[in-house]
Each structure stands twice: as C-alpha cells, then as structure tokens.
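Asker: predicted coordinates and the sequence they were generated for:
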Amino acid sequence: MWCPGCGIGVMLGALLRSFEELGYDCRDTVVVTGIGCTGKSDDYLVTHALHTTHGRALAYATGIKAFNPKLKVVVIMGDGDSVTIGGNHFLHAARRNMDLTAIIINNFNYGMTGGQFSGTTPSGAITQTSFYGNPERGIDICALAEVAGANYVARGTPYHVWELKTNIQEALSKKGFSVVEIYSPCPTHFGKNNQMKETRQMLHWLKEKGLPVKDYNRLEPSQKEGCFAVGKLVDRDEPDFNTRYEAVRARAMAPKGLRNGDTQ
Ligand SMILES: Cc1ncc(C[n+]2csc(CCOP(=O)(O)OP(=O)(O)O)c2C)c(N)n1
Ligand code: SF4
C-alpha cells in the first residue's frame, strides 16, 4: 500500500505491538482514520474501524467516546488531517481533554495528493505548491497540543522505533487526550523535493537532528535551530471530558435544593 521507505508502516507496527502488549481486545477497540496515505492504516486492522472524511476524524472519535466511554478510541491522522484542514477539531479535542489517543504521522506535506504543502511544512521548504520555498511557517504539533490542554504529548520517529513504541503505550494508557506525533519520511514527495530523495537520507536526518528531550533542553536557543526533541514532552492528569460531564450530569440529576444554582 505505501511507497518503499514510507514511515507509516513503522508507526503501524509500533501501534499493533502496543495493542498486543497492553492486552487490547479488538472488540472494544475502535480505530478512527481520516483521508490520506496515513488514513489508509485502518485497512490492516481487525479492530473496529471508521474511515472518515478528511480532517474530521477527531470529530467522529469524539462522538464515539462521548456515546460509549468504555471503548478505547485511537485516531490515526496525517498532518493534513490533524492540524491543517482538521486544526479546529484538534484544538477542541485537546481543550475538552477527550479520552482519545491521536497518532499523527507528520511527513510535512500532503502525501496522497502529490506533495502539496500543509500546515506543518517548514518555512522555505520546497513542495509541489511552493516551488520557490514555503512562505508560511509550520505548526509545532506538540506545542499546540500542550497549550490546548492535552494530558500527554510525545514525539517520535521511525528511526527511534523502540522509544516510539514506549511512547505509544504511555499514550494509550493515559486518561485524557494523548498525542504522539511521528516525524515521518515521505521520500516520494517531501524527500525528493528537499534533497533527501533516498530513504536513508531521510532516516539519517531524523537520527542526526532528533535529540532526546533532556539533551535538546540543554541546548542554547541558537543550537536548537534545525533540531527537534524526541520522547515524552507532556505528562499530566487533568480530568478528561467524560469525568467532567458525569459530574455535571450528577448535579443536574440531584434532588432540587442540592443542585448548584438552586436558590431554595
Ligand atoms: C474535504 C477534503 N478536502 C480535500 C481532500 C483531498 N485530499 C485527500 S488526502 C489529502 C491530503 C492528505 O494529507 P495528510 O493528511 O497529511 O496525509 P498523508 O497523505 O500525507 O498521509 C487531501 C488534501 C479530501 N479528500 N477531502
Ligand atoms: S506518498 Fe509519501 S506518505 Fe504517501 S505512501 Fe508514499 S512515501 Fe508514504
């Protein structure tokens, strides 16, 4: 299904190993995807799966989780799906702290439709729609998830595959909105356009520039240029949406006089 050297299969392998090691049951696991190369991941799964529309996977997943909080809901998206066309849903899933795990393949472009720039394409990068350099700045997905209210945020790459599996397992085990962003090679488009035509060049870039969080944080701001942190970035335990909603429901169902706002 995917081009040779694409990072999506490595992500899927890490996710499936995580399901197995955490003892997930396919009967109460739902994987929701959007549209794109990444969105095709659900074709390989025996869990429940919902292949939705481009950019709306989190909205569908929110509905599933709100309706049946017992289900384990995982959302697999590309950078286009998650934070470009789907940016609004991403912001609100994080703000609500929905108990969902978002696995995001960030290959810095729209892979499926031929390599156009997306909301994460770095400034100056060459794509099919920015032949002379991208004039926009790319979104930092992890920073966005943190400020919007996610309980767990991590970044991985296919080069750091064992760490990636650990981060995915932590994300799956966390109550509330968890995000694992994966910087992922798209040699066919982004790599070819940005002097990394060979997969090994893209992997070398991930290896050289991806630093463990502790090492990255020790760098001076000027040294951070072009580098990125790999590993767990945020880990907190704010109440998720369903917990807050149940508290509101209990107040609303309480006998008159015991509800908030009752005057007598
Ligand atoms: C509403 C809507 N707009 C545009 C498209 C066309 N389209 C399909 S996939 C895609 C981009 C996918 O990029 P991304 O989400 O980053 O995933 P990737 O293919 O890179 O894995 C676009 C624009 C669509 N299917 N639906
Ligand atoms: S076009 Fe890019 S993202 Fe899509 S399968 Fe090929 S390498 Fe992967």
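Answerer: Everything's here; your move. Ligands and ions are numbered 1, 2, ... in the order given.

Asker: name the nearest residue to the residue in the stretch 101-250 of the chain that ligand 1 sits nearest to, ignoring sequence neighbours.
Answerer: Closest contact between the stretch 101-250 of the chain and ligand 1, by C-beta to the nearest ligand atom, is at Gly111 (3.0 Å). For every residue, glycine as well, the C-beta is placed using N, CA and C. Leaving aside its sequence neighbours, Gly111 sits nearest to Cys37 (C-beta to C-beta, 6 or more residues apart in numbering; 4.2 Å).

Asker: over to the residue nearest to the spatial centre of the chain: give its phi and psi.
Answerer: The chain has Ile104 as the residue nearest its centroid, 3.0 Å off, counting by C-alpha atoms, centre = their mean. Dihedral angles of Ile104 (phi, psi; degrees, to the nearest 10) stand at phi -120, psi 120.

Asker: buried sites along stretch 147-167?
Answerer: Neighbour counts over stretch 147-167 (16 or more other C-beta atoms under 10 Å) mark 148-161, 163-167 as buried.

Asker: now do the same end-to-end measure for it.
Answerer: In stretch 147-167, first residue to last residue: 19 Å (C-alpha to C-alpha, to the nearest Å).

Asker: stretch 17-35 now?
Answerer: From start residue to end residue, stretch 17-35 stretches across 24 Å - C-alpha to C-alpha.

Asker: do any residues in it lie close to ligand 2?
Answerer: No - Stretch 17-35 does not reach ligand 2 (C-beta under 6 Å from any ligand atom); its nearest approach is 12.0 Å.

Asker: is any part of that stretch close to ligand 1?
Answerer: Yes - using C-beta under 6 Å from any ligand atom, we find that stretch 17-35 touches ligand 1 at Ile35.

Asker: now that stretch: how far from the chain's centre is it?
Answerer: 15 Å (C-alpha atoms, centre = their mean, to the nearest Å).

Asker: enumerate the residues of this protein near ligand 1.
Answerer: 35-38, 54, 78-81, 105, 107, 110-113, 118.

Asker: so for stretch 175-190, what's the average pLDDT?
Answerer: Mean pLDDT, stretch 175-190: 98.

Asker: list the contacts for the nearest residue to Ala171 once chain neighbours are set aside?
Answerer: Excluding the flanking residues, the one nearest Ala171 by C-beta to C-beta, 6+ apart is Ser178, at 3.8 Å. By C-beta atoms under 8 Å, 6 or more residues apart in numbering, the contact list for Ser178 reads Leu100, Thr101, Ala102, Ala150, Asn151, Tyr152, Val153, Glu170, Ala171, Leu172.
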